[in-house]
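>>> missing the sequence, but the structure's below:
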């Protein structure tokens, strides 16, 4: 199957908007005491962070799409929009959005790609992204490339959404969501073809536990290649790994989950 490059839709020779750029200090996976708390992070090409407007709180003011741009900090593409009062902001770009299109955010607006509105006013079967978990707290979920949630039903102050993980969950109908599917659907076919590209992405080398010594990893040791010799795989710190549930049993949002995700 031939995959057409999605980067063709991006605006050519467009530099990032200076007023919407900030520099974020890198941690290299280290915490406040200087110890590595997240492994395999470090290096990477220099990049500026683009300030994304996940809330789109300018209500009932139309904005024109000025450009579609690549963002090195996320998998999806972003769009530079200019409101009627000449304010510019970056938003997550949905699939099908083009330069020159007009978008709008409000409690109840037209159900068009890129528009943002309350879940209670979005019809069943519509595809949405950048969904709020709590009203007014900006979009938190369904933001990665090619992802979308589907409105399943409306039920007494809640809206049922089928999330990309196949989980069906209740959201308050006062929460906002954007119409459409997140852009750059071909990202899942991306192949990190060599080690240099991974280093430029800020990923340091990962060593298999079975290639280590017994003092460094539970899987280590043995003569030549050997199985892990355990009932189940472990982390370097001896905890269960692979297929273990990590969600808290008594988490408050458990009551909002109607159907758990399907195991793959």
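Sure, I can see it. These numbers were taken from a predicted model, which means no experiment stands behind them. Residues are numbered from 1 along each chain as shown.

>>> Only C-alpha atoms from now on, for both contacts and neighbour counts.
Noted.

>>> what residue ranges in the stretch 51-200 of the chain score low on pLDDT?
Applying pLDDT under 70 to the stretch 51-200 of the chain flags no residue at all.

>>> ranges for the helices of it?
For the stretch 51-200 of the chain, the helices defined by DSSP state H, counting those that start in this stretch occupy 195-200.

>>> hey, where'd the strands end up in it?
Here the stretch 51-200 of the chain has its strands, by DSSP state E, counting those that start in this stretch, at 63-69, 78-83, 88-92, 102-103, 116-118, 127-129, 131-132, 139-141, 149-155, 158-162, 168-172, 176-179.

>>> Give me the angle between the third one and strand 78-83.
Following axes from the mean of the first three to the mean of the last three CA atoms, to 10 degrees, one obtains 140 degrees for the angle between strand 88-92 and strand 78-83.

>>> Could you tell me the angle between strand 88-92 and strand 63-69?
Using the same axes, to 10 degrees: strand 88-92 against strand 63-69 is 70 degrees.

>>> could you list every residue that touches residue 137?
residue 55 (CA atoms under 8 Å, 6 or more residues apart in numbering).

>>> how close does it sit to residue 57?
As for residue 137, its distance to residue 57 is 10 Å (criterion: CA to CA, to the nearest Å).

>>> ok, now residue 31?
For residue 31, the distance to residue 57 - CA to CA - is 34 Å.

>>> With respect to burial, which of the strands of the stretch 51-200 of the chain scores highest?
Per-stretch averages of neighbours, counted by mean count of other CA atoms under 10 Å, single out strand 176-179 among the strands of the stretch 51-200 of the chain, with a mean of 30.
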